[in-house]
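Trainee: from the sequence below, what's the structure:
(one chain, ligands or ions: 2)
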Amino acid sequence: MDSLALFCTGALIAGGIYWFVCILGPAEQRGKRAVDLSGGSISAEKVQDNYEQYWSFFRRPKEIETAEKVPDFVDTFYNLVTDIYEWGWGQSFHFSPSIPGKSHLEATRLHEQMAVDLINVKPGDRILDVGCGVGGPMRAIAAHSRAKVVGITINDYQVNRARMHNKKAGLDSLCEVVQGNFLEMPFPENSFDGAYSIEATCHAPKLEEVYAEIFRVLKPGSLYVSYEWVTTDKFKSSDPEQVEVIQGIERGDALPGLRNYTDIAETARKVGFEVVKEKDLAKPPAQPWWTRLKMGRIAYWRNHIVVTILSALGIAPKGTVDVHEMLFKTADYLTRGGDTGIFSPMHMILCRKPEKTEEIWSS
Ligand SMILES: C=C(CC[C@@H](C)[C@H]1CC[C@H]2C3=CC[C@H]4[C@H](C)[C@@H](O)CC[C@]4(C)[C@H]3CC[C@]12C)C(C)C
Ligand SMILES: C[S@@+](CC[C@H](N)C(=O)[O-])C[C@H]1O[C@@H](n2cnc3c(N)ncnc32)[C@H](O)[C@@H]1O
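Mentor: Ligands and ions are numbered 1, 2, ... in the order given. Down below sits the predicted model:
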């Protein structure tokens, strides 16, 4: 083979690898690239240890039940998965019903916009995003409503990613990101004109604690909407196969325990909210939210190969393959949860903080 042919073959192989890893991979344009996968705020050498630490929480379930330990366990989880989520899913870390003729991104945006439309927000209002991730929903909601959005996340790495994306999108004057625990928020009472949480409060060990905090920081008369992860009326705790699916979802998603849908409104009322509306957005006529997970199967195999190669080359931290494999299995449990109808990630509840709350506090 002469040198020109050798050069062309080399260039073709290099181009192919670049296309496979960098172009085919990212879920959003100019999103996270496979070669940039990291362990979040954890240094690369500690990713494997932290992954093992994450699993050890499930070997001592009592520890997960201890409220004080949960934020640390959730923080470890997001250090491990944030880059993989961004790379393989995008900047919005939640599900949405499929919409025929619309892309995943369009369906995601409509699901996010529905949340802010429900809380009647005006331009200039200050609203809270409880558990904001890297800010996909926050940016969509700020752009759609022109409200000022303050997001809170426990994970430091997500704070930096969210701030970077806000700046890049030219939305940093409307979007602010704070590192903190949503069980003890660093905000004064009656300081927000509205609030929303998208698939985040499921990480709270006691829903009552996070709802009470949201209630505290909201101005009287303002609205809060949440998309909750729940087991539905189809779930039978006596069926071992169903229990396996629910436990698989809990373990792969850092959940201290999935709640039943009946607990949501009850908890909201207990902390003083008026329940305005409650609806499982996953129920027909909505199209399945889990088809996107099913359709991604080929991409997951490709991602598995990419992660294995990058990890072997020392580009991705050791442990990334394990984390990816955990997510791969989780995708299967989530799909089974969706197919059987025993699980919903979008049980919507819309609540109002009453104008007068004195009676509630004194009772
Ligand atoms: C609300 C939460 C997260 C919900 C989803 C955003 C994520 C749940 C499972 C995740 C994924 C599973 C499979 C991954 C795949 C193997 C990989 O190649 C690319 C990324 C995945 C698709 C990943 C993306 C995010 C999820 C869909 C929880 C945590 C409360
Ligand atoms: C699945 S992500 C959803 C993120 C975002 N709502 C979205 O849809 O893109 C859950 C978020 O909740 C945050 N979270 C979980 N427990 C928390 C806590 N105790 N305090 C603050 N944030 C928390 C996580 O850090 C993460 O950002």
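
Trainee: so what's the residue count around Leu258?
Mentor: 20 (other C-beta atoms under 10 Å). C-beta: built from backbone N, CA, C; applies to glycine.

Trainee: same check on Asp83?
Mentor: So Asp83, with other C-beta under 10 Å, has 24 neighbours.

Trainee: which residues touch it?
Mentor: Lys32, Asp36, Leu37, Ser38, Gly40 (C-beta atoms under 8 Å, 6 or more residues apart in numbering).

Trainee: and what of Arg251?
Mentor: Phe58, Thr330.

Trainee: the helix or strand harbouring Arg139 and ligand 2, are they touching?
Mentor: According to DSSP states H and E, Arg139 maps onto helix 136-145. Yes: contact of helix 136-145 with ligand 2 (C-beta under 6 Å from any ligand atom) involves Gly136, Pro137.

Trainee: the residue lying closest to Tyr224 once chain neighbours are set aside in helix, strand or coil?
Mentor: Once flanking residues are discounted, Tyr224 sits nearest to Ala195: 4.5 Å by C-beta to C-beta, 6 or more residues apart in numbering. Put simply, Ala195 is strand when judged by DSSP: H, G, I helix; E, B strand; the rest coil.

Trainee: same check, this time on Glu176
Mentor: Judged by three-state DSSP, the three-state class of Glu176 is strand.

Trainee: now do it against ligand 2, distance only.
Mentor: Going from Glu176 to ligand 2 by C-beta to the nearest ligand atom, to the nearest Å gives 15 Å.

Trainee: how about that residue, what does it touch?
Mentor: Lys148, Val149, Val150, Gly151 are the contacts of Glu176 under C-beta under 8 Å, 6+ apart.

Trainee: put the buried members of these into a ChimeraX selection.
Mentor: Buried members of the contacts of Glu176, defined by 16 or more other C-beta atoms under 10 Å, are picked up in ChimeraX with:
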select :148,149,150,151
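
Trainee: would you mind listing what in this protein touches ligand 2?
Mentor: 71, 74, 78, 92-94, 131-133, 136-137, 152-155, 158, 181-183, 198-200, 203.

Trainee: can you count the residues close to the residue lying closest to Lys270 once chain neighbours are set aside?
Mentor: In this structure, Lys270 finds its nearest non-sequential neighbour in Glu208, 6.1 Å apart by C-beta to C-beta, 6+ apart. By other C-beta under 10 Å, 15 other residues sit near Glu208.

Trainee: need phi/psi at the one residue in the stretch 1-150 of the chain that gets nearest to ligand 1.
Mentor: As assessed by C-beta to the nearest ligand atom, ligand 1 sits closest to Gly88 within the stretch 1-150 of the chain, at 2.2 Å. Dihedral pair for Gly88: phi -100, psi -10, per degrees, to the nearest 10.

Trainee: pLDDT score assigned to it?
Mentor: Predicted confidence (pLDDT) at Gly88: the value is 95.

Trainee: and it, how far is that from Ala331?
Mentor: Distance of Gly88 to Ala331, given as C-beta to C-beta, to the nearest Å: 10 Å.

Trainee: quick one: which of those two has more around it?
Mentor: Shown here are Gly88 and Ala331; by other C-beta under 10 Å, Gly88 has more neighbours (23 against 19).

Trainee: related to what we said a few turns ago, which one of the contacts of Asp83 has the most neighbours?
Mentor: Leu37 leads these on contacts (other C-beta under 10 Å) with 26 neighbours.

Trainee: before we move on, back to that, and the residues of the chain next to ligand 2, which of them are in helices?
Mentor: In this view, these that belong to helices under DSSP state H are Pro71, Val74, Tyr78, Gly136, Pro137, Gln158.

Trainee: may I see those organised as JSON lines, with distance to ligand 1 added?
Mentor: Output for those, formatted as JSON lines (distance: C-beta to the nearest ligand atom, whole Å):
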{"residue": "Pro71", "distance to ligand 1": "14"}
{"residue": "Val74", "distance to ligand 1": "9"}
{"residue": "Tyr78", "distance to ligand 1": "8"}
{"residue": "Gly136", "distance to ligand 1": "10"}
{"residue": "Pro137", "distance to ligand 1": "11"}
{"residue": "Gln158", "distance to ligand 1": "12"}
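
Trainee: just name the closest of those residues to Ser238, please.
Mentor: Nearest to Ser238 among those: Val74, at 29.6 Å, using C-beta to C-beta.

Trainee: do you know how far that closest one is from Val271?
Mentor: Taken as C-beta to C-beta, the span from Val74 to Val271 is 21 Å.

Trainee: re earlier: now pLDDT and distance to ligand 1 too, for the contacts of Glu176, in JSON lines please.
Mentor: As requested, these are exported to JSON lines (pLDDT from 0 to 100; distance: C-beta to the nearest ligand atom, whole Å):
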{"residue": "Lys148", "pLDDT": "98", "distance to ligand 1": "24"}
{"residue": "Val149", "pLDDT": "98", "distance to ligand 1": "19"}
{"residue": "Val150", "pLDDT": "98", "distance to ligand 1": "20"}
{"residue": "Gly151", "pLDDT": "98", "distance to ligand 1": "15"}
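
Trainee: ok, the residue nearest to Tyr224 - contacts?
Mentor: For Ala195, counting by C-beta under 8 Å, 6+ apart, the contacting residues are Ile119, Ile127, Leu128, Asp129, Val130, Ile214, Val217, Leu218, Ser222, Leu223, Tyr224, Val225.

Trainee: again with His203
Mentor: With contacts defined as C-beta under 8 Å, 6+ apart, His203 is in contact with Val70, Val74, Gly131, Ala254, Leu255, Pro256.

Trainee: farthest-apart pair in those residues, please.
Mentor: Once C-beta to C-beta is applied, the contacts of His203 give Gly131 and Pro256 as the farthest pair, at 13.9 Å.
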